[in-house]
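K.L.:
quick one, what's the 3D model for this:
(chains A, B, C and D)
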Protein chains: 2
Amino acid sequence: MVSQQNRELADRRVLIVEDDPTVLEVASTYLRSAGFVVTAAADGFTALQLAASSSPDLIVLDRMLPGIDGAEVCRRIRAESAVPIILLTALSSTDDRIDGLEAGADDYLTKPFSPRELVLRVQSILRRSVNELTPEAAFDLGPFSLDPAARIIRRDGRELSLSAREFDLFSFLLKHPRQAFNREQLLRAVWHWEFGDLSTVTVTVRRVREKIEDDPTDPVILVTVWGVGYRLDLEGTP
Amino acid sequence: MVSQQNRELADRRVLIVEDDPTVLEVASTYLRSAGFVVTAAADGFTALQLAASSSPDLIVLDRMLPGIDGAEVCRRIRAESAVPIILLTALSSTDDRIDGLEAGADDYLTKPFSPRELVLRVQSILRRSVNELTPEAAFDLGPFSLDPAARIIRRDGRELSLSAREFDLFSFLLKHPRQAFNREQLLRAVWHWEFGDLSTVTVTVRRVREKIEDDPTDPVILVTVWGVGYRLDLEGTP
DNA sequence: CTGATTCTTACGAAACGCGAACGGTCGCCG
DNA sequence: CGGCGACCGTTCGCGTTTCGTAAGAATCAG
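P.N.:
Next up, the predicted model:
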């Protein structure tokens, strides 16, 4: 009975917004060692950009920020997304906490906080959201149908036998068709690695092709974009 | 956002007993925003009076109170009513927790607690008590029929002899067919464990298969999703 | 033609699922 | 009250699958 890092939470992406470099450093170190992929922002503007572009699984947000106020950032993010937000409040004043609630924060921590507790809160909230999450809707694309909840991909109604990685890669591409990705992007989006051997992607792409292409030697669906990476095409099969 | 109110819990009355004004303020705000009607008391004596006169649906009770101790208040309330009680304990010591449970608390939270967590616990406990009064409806799925109230599962009309755990696991899967779960999710949903040995799930799955599959060696209903977990399939039997 | 890029194949370690068995606990029944 | 069996969490060993890595072949652009 060991309390190891549970895999389901591993590699979740956390965006931390904090202007104090020391706090930022400590918090991200702890979060990383707990298995999260951490992105950082030091001001509200960057935070809003990153929240929109990288769509993290959770946001840790300082209440006091240079430029846009933390509560305001919270409100704006909340206007566009339901991502869980933990607010860091400098004061333990009741007003502050209630402001935070009204801004749409899910939880708050009072500074100085223990980094260990931050990790626990992040884990606890993510665990909840995993359970409460209504399963992703299934959809069709060309000859393929993707059922993320069941982890099934069919071609022409016939179930494909993809391994876990192959499923992750191909379902990502099905969700983003007609868009070219380089290997690093795929490594980050599918593997949730910040760095790593790019040939890992190459090989997995090949293995997927083996199972989805009529002629894996001459791919027409999972196409190579020379000098860039790969793209899911559905020209031949609309 | 703090998890949205579900209608069946709307306007439930919650009595919160807490002497720290800040904690009280924050907690009641979060509870109110979740749709509960909140009454407050700052000491044990008032708490006992309010518990008797206003008969709340749930009580949140601080362990440390001026005057009468929280655990004692809990005992006295319990002596007269079955109202659910959540105890707030300052320390996470096991002794405290056991004292609390012996005093008749249904759940406990360790300070400092996240207000979000409090709301979730309150909702979860109230939902449970609602469910006990209105038993879940029986239903059919493929060749199986589940009667949650009677705790009976039939296959083709023939009653299966499942143990308690086996019933819990299989009925959960019957309620969520065609969805892949990893072992941690099952451990949490079926066992209500936060941590634990994942092989427990593996073995129980095996035992269930022994009783529901025609050929337990080659399962077609309770299927393994390699690298992920398990899924209830009903392809062959829709 | 040449260098860079991608493809293909193969290998082996690690991860994974499964079956069997063990032992502790609890309730039932003789 | 003592034994017996059901239940259930845990452990171990085995066979299989997976998947990152490396290394050489093939392909493409300029």
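K.L.:
lowest confidence element among the helices and strands of chain A?
P.N.:
Using mean pLDDT, DSSP states H and E, helix A:94-103 stands out as the lowest-scoring helix or strand of chain A, at a mean of 63.
K.L.:
tell me where the model's unsure across chain A.
P.N.:
A:1-11, A:91-102, A:129-134, A:236-238 (pLDDT under 70).
K.L.:
on that earlier part again, right, and the helix or strand after the least confident helix or strand of chain A?
P.N.:
strand A:107-110 (DSSP states H and E).
K.L.:
my guess is A:Arg209 contacts A:Leu222. True?
P.N.:
Yes: counting by C-beta atoms under 8 Å, A:Arg209 does reach A:Leu222; the two are 5.4 Å apart. Yep, even glycine has a C-beta here, placed from its N, CA and C like the rest.
K.L.:
and these two? which has more neighbours close in?
P.N.:
More crowded of A:Arg209 and A:Leu222, by other C-beta atoms under 10 Å in any protein chain shown: A:Arg209, with 22 against 19.
K.L.:
you'd agree the more buried one is in a strand?
P.N.:
No: applying DSSP: H, G, I helix; E, B strand; the rest coil, one finds A:Arg209 to be helix, outside a strand.
K.L.:
roughly how far apart are it and DNA strand C?
P.N.:
Using C-beta to the nearest atom of the strand, to the nearest Å, one obtains 6 Å as the distance from A:Arg209 to DNA strand C.
K.L.:
for that residue, which non-adjacent residue is spatially closest?
P.N.:
A:Pro216 (4.5 Å; C-beta to C-beta, 6 or more residues apart in numbering or on different chains).
K.L.:
quick check, that neighbour in a strand?
P.N.:
No: counting by three-state DSSP, A:Pro216 is not part of a strand but coil.
K.L.:
OK, contacts around it?
P.N.:
A:Arg206, A:Arg209, A:Glu210 (C-beta atoms under 8 Å, 6 or more residues apart in numbering or on different chains).
K.L.:
what do you get for A:Leu141?
P.N.:
A:Leu141 touches A:Leu174, A:Pro177, A:Leu234, counting by C-beta under 8 Å, 6+ apart.
K.L.:
any chance of those in JSON lines, plus neighbour count, secondary structure and distance to B:Phe170?
P.N.:
Listed next are the contacts of A:Leu141 as JSON lines, based on neighbours: other C-beta atoms under 10 Å in any protein chain shown; DSSP: H, G, I helix; E, B strand; the rest coil; distance: C-beta to C-beta, whole Å:
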{"residue": "A:Leu174", "neighbour count": "19", "secondary structure": "helix", "distance to B:Phe170": "32"}
{"residue": "A:Pro177", "neighbour count": "14", "secondary structure": "coil", "distance to B:Phe170": "38"}
{"residue": "A:Leu234", "neighbour count": "15", "secondary structure": "coil", "distance to B:Phe170": "39"}
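K.L.:
A:Pro135 against A:Ala149, yeah?
P.N.:
Yes: in this structure A:Pro135 lies within contact range of A:Ala149 using C-beta under 8 Å: 3.5 Å.
K.L.:
mutual contacts of these two, please.
P.N.:
In contact with both A:Pro135 and A:Ala149: B:Gln179, using C-beta under 8 Å, 6+ apart.
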